[in-house]
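**Q** turn this into a structure:
(chains A, B and C)
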Amino acid sequence: MASGIEVFTPVSHTLFDPADIINKNGGRPPLTYQSFIAIAGEPPAPIFEEYSELPPVGDTGEYELLPVPTVEELGYGDISQEEIPPFRGGETEALRRMKASLQDKEWVAKFEKPKGDPSGFLKPATTVLSPYLKFGCLSSRYFYHCIQDVYRSVRNYTKPPVSLSGQLLWRDFFYKVFFGTPNFDQIKGNKICKQIPWSENEELFVAWRDGRTGYPWIDAIMIQFIHWEKGRDVFERLLIDSDWAINNGNWLWLSCSSFFYQYHRIYSPITFGKKYDPNGNYIRHFIPVLKDMSREYIYEPWTAPLSIHKKAKCIICKDYPKPVVDHDTASKECRKRMGEAYASNRLDSNSSKGKPSNLSRRKWSHGDHGASNSSIAKLLRTSRSE
DNA sequence: TTCCGGTTGGTATA
DNA sequence: TATACCAACCGGAA
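**A** Numbers count the residues shown, from 1 in each chain, chains lettered A, B, ... in the order given. Here you go, the predicted structure:
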């Protein structure tokens, strides 16, 4: 590859062809990871082609080709003023990072997603290759098959969905569901999304968006129960690896609107982080005003006596906010409303099931087979801008 | 209609 | 570190 430009086939953005998977599933997207895996089988091998110059763009059908958008058009101002993230772009850098990640075969073989430490920021518990996948610098098929090479060279290795290859399959899963689901990024008109009357408190939303909730762990990572479409928009703007299908998929998941429904399992903004990072290093790093708070109170500084605040040079309400909501009250309220919404969704589902028409909530009517025009437009827009 | 299994909870207990 | 329990969800298979 020394002389030519190395180019992967465009379809390598995902492991499988979305339309193919949906056809094999009777025109509907698979709604569980397990059913997706059962239909999908083994991903095809990547295809390598060498070009001396960039190949022409193929037939885009009725969609017109647009020039690459400028930084300003993407909604960013003067980027010279912004901090440059530690990610160099491009395929060469992507391949270098991938090879570095896969070099530690034992780490690859033992990778098990939920067990990784989510508070690891100096030494992340993942490959951090997602920005390269998102921007099309790294072929998911090539990555997948390189992982398989590692598996073949070791005795034992973890399996999907928790393994490293399983992560690539999750990524594909969300692409397939999005491709076959009109209005995937909305509550309204989205057949797989629970209709839940989310709180639209603007003050709470802004406090969360700006990291001012008063819960140090939350403010350091920004997770909260709020109208998921708004949280999704914030992440779309802030995440360097923001991927349309995965961002929406994960917000649907964590808001118990789709894919995952055990809404009684509610994260604690205090204990969840403590489990991985009892000293609060993650908080101390990203919220410097709390860096000298004692270990005992770092996750709930508002409970500390004034003497502790003074000693840490961080007075609650003055230097750092007190919690915007009482977690116990807010989570109980959330759970209650979720329960009501679920009951109401069940009612709707049952009443339409009785009718002989094709209006049943979970049946895809004939016109919905495959992706809607707007879904395809979004796919094109996504892949073009990425 | 029933049953099973589900990447990522919290708490109490051994 | 591992397990039972909490209360009970859903999609999909049988």
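**Q** for the nearest residue to A:Glu106 once chain neighbours are set aside, helix, strand, or coil?
**A** Excluding the flanking residues, the one nearest A:Glu106 by C-beta to C-beta, 6 or more residues apart in numbering is A:Val154, at 7.4 Å. In this view, the C-beta of every residue, glycine as well, is placed from N, C-alpha and C. Three-state call for A:Val154 (DSSP: H, G, I helix; E, B strand; the rest coil): coil.
**Q** who touches the closest residue to A:His327 other than its chain neighbours in this structure?
**A** Spatial nearest neighbour of A:His327, chain neighbours left out: A:Pro269 (5.8 Å); criterion: C-beta to C-beta, 6+ apart. A:Pro269 makes contacts with A:213, A:215, A:217-218, A:223, A:299, A:327, as judged by C-beta atoms under 8 Å, 6 or more residues apart in numbering.
**Q** so A:Pro269 is in which element?
**A** Under DSSP states H and E, no helix or strand contains A:Pro269.
**Q** the residue nearest to A:Glu106 contacts A:Trp107, correct?
**A** No. Counting by C-beta atoms under 8 Å, A:Val154 sits too far from A:Trp107 to count as a contact (10.7 Å).
**Q** flag every residue of the stretch 51-200 of chain A that's near DNA strand C.
**A** A:Ile192 (C-beta under 7 Å from any atom of the strand).
**Q** near DNA strand B, which residues of the stretch 101-250 of chain A show up?
**A** Those residues of the stretch 101-250 of chain A that sit near DNA strand B, judged by C-beta under 7 Å from any atom of the strand, are A:113-114, A:161-162, A:166-167, A:170, A:250.
**Q** avg pLDDT for the longest helix along chain A?
**A** The longest helix of chain A (DSSP state H) is helix A:327-353. For helix A:327-353, mean pLDDT is 86.
**Q** just checking that helix against DNA strand C, any contact.
**A** Yes. Contact of helix A:327-353 with DNA strand C (C-beta under 7 Å from any atom of the strand) involves A:342, A:345-346.
**Q** and stretch A:239-250, by the same measure?
**A** No. Applying C-beta under 7 Å from any atom of the strand, one finds stretch A:239-250 separated from DNA strand C by no less than 14.1 Å.
**Q** let me see the mean pLDDT of that stretch.
**A** Stretch A:239-250 comes out at a mean pLDDT of 91.
**Q** in it, what counts as buried?
**A** For stretch A:239-250, the neighbour count (16 or more other C-beta atoms under 10 Å) marks A:241-250 as buried.
**Q** distance from the centroid: which residue in chain A tops it?
**A** In chain A, A:Ser307 marks the outermost C-alpha relative to the chain mean, sitting 41.0 Å out by C-alpha atoms, centre = their mean.
**Q** name the element that residue belongs to?
**A** Element membership for A:Ser307, per DSSP H and E: helix A:306-311.
**Q** contact partners of that helix?
**A** With C-beta under 8 Å, 6+ apart, helix A:306-311 has contacts from A:292-294, A:297, A:301, A:315-316.
**Q** redo those as a markdown table? Include neighbour count.
**A** Shown next, in a markdown table, are the contacts of helix A:306-311 (neighbours: other C-beta atoms under 10 Å):
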| residue | neighbour count |
| --- | --- |
| A:Asp292 | 12 |
| A:Met293 | 26 |
| A:Ser294 | 13 |
| A:Tyr297 | 20 |
| A:Pro301 | 29 |
| A:Ile315 | 13 |
| A:Ile316 | 20 |
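**Q** any idea which of these is closest to A:Tyr142?
**A** Closest to A:Tyr142 out of these is A:Met293 (45.5 Å), distances taken as C-beta to C-beta.
**Q** so what's A:Lys194 up against?
**A** Contact partners of A:Lys194, counting by C-beta under 8 Å, 6+ apart, are A:256-258, A:261, A:341-342, A:345.
**Q** please pick the buried ones from those residues.
**A** A:256-258, A:341-342.
**Q** burial count for A:Tyr299?
**A** Each residue near A:Tyr299 was counted by other C-beta atoms under 10 Å, and the total is 23.
**Q** same thing with A:Arg141?
**A** A:Arg141 has 22 neighbouring residues, counting by other C-beta under 10 Å.
**Q** what lies in contact with stretch A:228-235?
**A** Contacts for stretch A:228-235 (C-beta under 8 Å, 6+ apart): A:185-187, A:198, A:205, A:208-209, A:222, A:224, A:242, A:247-248, A:251-252, A:254-255, A:257.
**Q** next step: those restricted to helices.
**A** A:205, A:208-209, A:247-248, A:251-252, A:254.
**Q** report the two of those residues separated the most.
**A** Using C-beta to C-beta, the ones in helices among the contacts of stretch A:228-235 reach their maximum pairwise distance at A:Arg209 and A:Leu252, which is 19.3 Å.
**Q** out of these two, which sits in the busier spot?
**A** Ranked by neighbour count (other C-beta under 10 Å), A:Arg209 and A:Leu252 place A:Leu252 first, with 26 against 18.
**Q** with adjacent residues omitted, what lies nearest to that one?
**A** A:Ser258 (4.1 Å).
**Q** pull the contacting residues for that neighbour.
**A** Residues near A:Ser258 by C-beta under 8 Å, 6+ apart: A:31, A:190, A:192-194, A:252.
**Q** 7 Å instead, please
**A** A:192-194, A:252 (C-beta atoms under 7 Å, 6 or more residues apart in numbering).
**Q** quickly note the distance from A:Tyr297 to A:Glu200.
**A** 32 Å (C-beta to C-beta, to the nearest Å).
**Q** interface residues of the stretch 201-350 of chain A facing DNA strand C?
**A** Near DNA strand C, when you scan the stretch 201-350 of chain A using C-beta under 7 Å from any atom of the strand, you find A:261-264, A:342, A:345-346.
**Q** of these, which are in range of DNA strand B?
**A** A:261-262, A:264.
**Q** between these, which is nearest DNA strand C?
**A** Among these, A:Tyr261 lies closest to DNA strand C (C-beta to the nearest atom of the strand), at 3.7 Å.
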